[in-house]
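>>> no sequence for this one, just the structure:
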């Protein structure tokens, strides 16, 4: 799979990227929302993993732009420390296809990515 990872925490991003690449995936990475939005708009990805709290535009704003303005069909998984019911509902209503709270187990992240990809194809 070709995956876009938009995550400002370089340690978390490195952990995710390394794990996904070890599974045979291609991972492009952005460390803030504006760059991630640009990459997502210019290329095709099988999955987008998107942090919510980032400098500049938030993951919610990126998700809203991609799903509601640009009308992309790429599944988006929000990965964030925000975990209240209201946070989750906001993310899903904005257009995210799944929501995973940090801290997380890589095995669960991988299972969610595969489930999203399976539903999208």
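The structure has been received and is ready for your questions. Here the structure is a predicted model, which means the values were calculated and not measured. Numbers count the residues shown, from 1 in each chain.
>>> going forward, measure contacts between C-alpha atoms and count neighbours the same way
OK.
>>> Can you read off the pLDDT for residue 36?
What the model reports as pLDDT for residue 36 is 96.
>>> what bridges to the closest residue in space to it that isn't next to it in sequence?
Computed as Cα to Cα, 6 or more residues apart in numbering, the closest residue to residue 36 that is not its neighbour in sequence is residue 30, at 5.1 Å. Per DSSP bridges, the residues bridged to residue 30 are residue 6.
>>> for residue 30, what are its contacts?
Contacts for residue 30 (Cα atoms under 8 Å, 6 or more residues apart in numbering) come out as 4, 5, 6, 7, 8, 36.
>>> Pull up the gap between residue 58 and residue 12, please.
17 Å (Cα to Cα, to the nearest Å).
>>> make that residue 78, sorry
14 Å.
>>> what about the two, which has more around it?
Ranked by neighbour count (other Cα atoms under 10 Å), residue 78 and residue 12 place residue 78 first, with 26 against 13.
>>> quick one: the more buried one and residue 95 touch, right?
No: applying Cα atoms under 8 Å, one finds residue 78 not in contact with residue 95, separated by 9.9 Å.
>>> On the three-state scheme, the spatially most central residue of the chain is what?
Nearest to the geometric centre of the chain sits residue 49, at 1.6 Å (Cα atoms, centre = their mean). Three-state assignment for residue 49 (DSSP: H, G, I helix; E, B strand; the rest coil): strand.
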